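Peer 1: Sequence plus predicted model, see below.
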Amino acid sequence: MNYGDTTFMMLATAMVCLMTPGLAFFYGGLARKRSVLYIMMQSFISMGIVTIIWMYGGFGLAFGKDHGGVIGSISDYFGLAHVGLVPSNVHAASIPFILFFAFQLMFCVITVPLMSGAFAERLNMKGYIWLLIIWTIIVYIPVSHWIWGSGFLSKIGFVDFAGGTVIHTTAGFAALAAIFVLGRRHQKDISMKPSNLMAAAIGTGLLWFGWFGFNSGGALKAGSLAAIAFSNTFIGLASGMVTWMIYAKLVRGKVDFVDVLTGSVAGLATITPCAGYIHPQLAILVGIIAGIICNLALSLQESRGWDDALGVWGVHGIGGFTGSILIGIFADKAVNGVSASWHQFWIQVFGVILVAIYSFVITFIILKILGAITNIEPSDEEIANGLDASLLEETTYDLEKLNN
């Protein structure tokens, strides 16, 4: 065990943990004022529920002994069996195995909350909790094993440094499926009017901070690879933001504060899968591509009338999808043993398309079945009155004063 690596990974784990409440503030600030607490609660409760799943079978299914390249062993590590201070010879050999468990848990915790912004105000808490449990077990955990747990995609050479495919692509395309199943909001004004842009800015800042641990922690130890991933993170962030602002000015004629926040997140989502495979000089190109492609994706969903309230598919789904493919174009073997080539490019294309389709189809089926056996959508009256008051019997703001 290396004490420096252990300290570094403890910090990275804490930073990724902070991203979930950061996401809550980001989505809460962008949500309408009557449903702020409700959408924030969806992020916070993931920590509790997903931790239990991860302890009792989830971690083993993701990182246990491989069975046919598809799934790990549920009995491996069940209830933290054999998960202790001794490092694993297979996963992160220089840190305690319990720390690897915790770091991977934080990735799992944030994934379903990422998609919640797409179906804001269209899924009640019962529906959300069932989706959180089932989706984590049959989408996130298998995909994590395929790519990070010695599954079939890793065996053919597919790579994803910090979750562009495992987290952002799965969440983004699951969000798209949820949009199709749940449909559009029935209110005449379906635009998502931000309740508090200062809260959204705080959330974005927390996401920025946490993302450095998210990406550099993918190295699983302190060193030059972590430093490269760290550097690529802020360069991708900056480039994505500036490109988004330029695009907004040229296409829409103005730049608003939401553009600044969203552009930075698009840059981060896109740089994530390739953060540990490319030189920092190329991270600026990744950000530029993110600022253009993600904007085009949002324009497409708007033209199609897809009610993705907070642009999850266009920013996270397409961002992670694009970044995963760019590994095949920009990767340098000197950075982390992976070279850009036609062979690597087609492996990346195949892998990320497979994951996107799998996540979309399974999420569609989950929500269809849940909708058939129980009520998972809030009523129009509950939405009109605000989900904070209707479902939680709480309020964020004194709405009477705000309306006067």
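Peer 2: Okay, I see it. Numbers count the residues shown, from 1 in each chain.

Peer 1: What's the local residue count around His343?
Peer 2: 11 (other Cβ atoms under 10 Å). (C-beta placed from N, C-alpha, C; glycine too.)

Peer 1: Identify, by residue count, the longest helix of the protein.
Peer 2: helix 342-373 (DSSP state H).

Peer 1: Of all the residues in it, which ones are buried?
Peer 2: If you call a residue buried by 16 or more other Cβ atoms under 10 Å, then helix 342-373 has these buried ones: 344-345, 347-348, 351-352, 354-356, 358-360, 362-364, 366-367, 370.

Peer 1: What is that helix packed up against?
Peer 2: If you count contacts as 3 or more Cβ pairs under 8 Å, 6 or more residues apart in numbering; DSSP states H and E, helix 342-373 packs onto helix 125-135, helix 141-148, helix 152-155, helix 170-182, helix 318-330.

Peer 1: Just tell me which of these ends up closest to Gly117.
Peer 2: Nearest of the helices and strands packed on helix 342-373 to Gly117, taken as Cβ to Cβ: helix 170-182 at 7.6 Å.

Peer 1: what helices or strands is the helix or strand following the closest one leaning on?
Peer 2: The helix or strand immediately downstream of helix 170-182 is helix 197-216, counting by DSSP states H and E. In terms of contacts (3+ Cβ pairs under 8 Å, 6+ apart), helix 197-216 is packed against helix 3-30, helix 224-252, helix 257-271.

Peer 1: possible to save these as CSV with mean neighbour count and distance to Leu197?
Peer 2: Formatted as CSV, the helices and strands packed on helix 197-216 follow (neighbours: other Cβ atoms under 10 Å; distance: least, Cβ to Cβ, whole Å):
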stretch, mean neighbour count, distance to Leu197
helix 3-30, 21, 6
helix 224-252, 20, 16
helix 257-271, 27, 6
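
Peer 1: dump the residue contacts of Ile318.
Peer 2: For Ile318, the contact set (Cβ atoms under 8 Å, 6 or more residues apart in numbering) comprises 172, 293-294, 297.

Peer 1: try it again with 10 Å
Peer 2: 168-169, 172-173, 176, 266, 269-270, 290, 293-298, 300-301, 311-312, 356 (Cβ atoms under 10 Å, 6 or more residues apart in numbering).

Peer 1: For ChimeraX, write the select line for the buried members of these.
Peer 2: Command for ChimeraX, covering only those of the contacts of Ile318 found buried under the criterion 16+ other Cβ under 10 Å:
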select :168,169,172,173,176,266,269,270,290,293,294,295,297,298,301,311,312,356
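
Peer 1: so where's the stretch 101-250 of the chain shaky on pLDDT?
Peer 2: For the stretch 101-250 of the chain, the stretches flagged by pLDDT under 70 are 186-192.

Peer 1: what residue ranges in the stretch 251-400 of the chain score low on pLDDT?
Peer 2: Scanning the stretch 251-400 of the chain for pLDDT under 70 picks out 398-400.

Peer 1: From Gly320, how far out is the closest residue to Pro142 other than its chain neighbours?
Peer 2: Nearest residue to Pro142, sequence neighbours excluded (Cβ to Cβ, 6 or more residues apart in numbering): Ile71, at 5.7 Å. According to Cβ to Cβ, to the nearest Å, Ile71 stands 22 Å off from Gly320.

Peer 1: give me the number of residues near Ser303?
Peer 2: 8.

Peer 1: for Ile179, same thing?
Peer 2: With other Cβ under 10 Å as criterion, Ile179 counts 23.

Peer 1: cool, and the one 3 residues further on?
Peer 2: The local packing of Leu182 (other Cβ under 10 Å) involves 19 other residues.

Peer 1: I'd assumed Ser116 was in contact with it.
Peer 2: No - look at Leu182 against Ser116 with Cβ atoms under 10 Å: they stay out of range, at 11.9 Å.

Peer 1: tell me, what's touching these two both at once?
Peer 2: Jointly contacting Leu182 and Ser116 under the rule Cβ under 10 Å, 6+ apart are Leu123.
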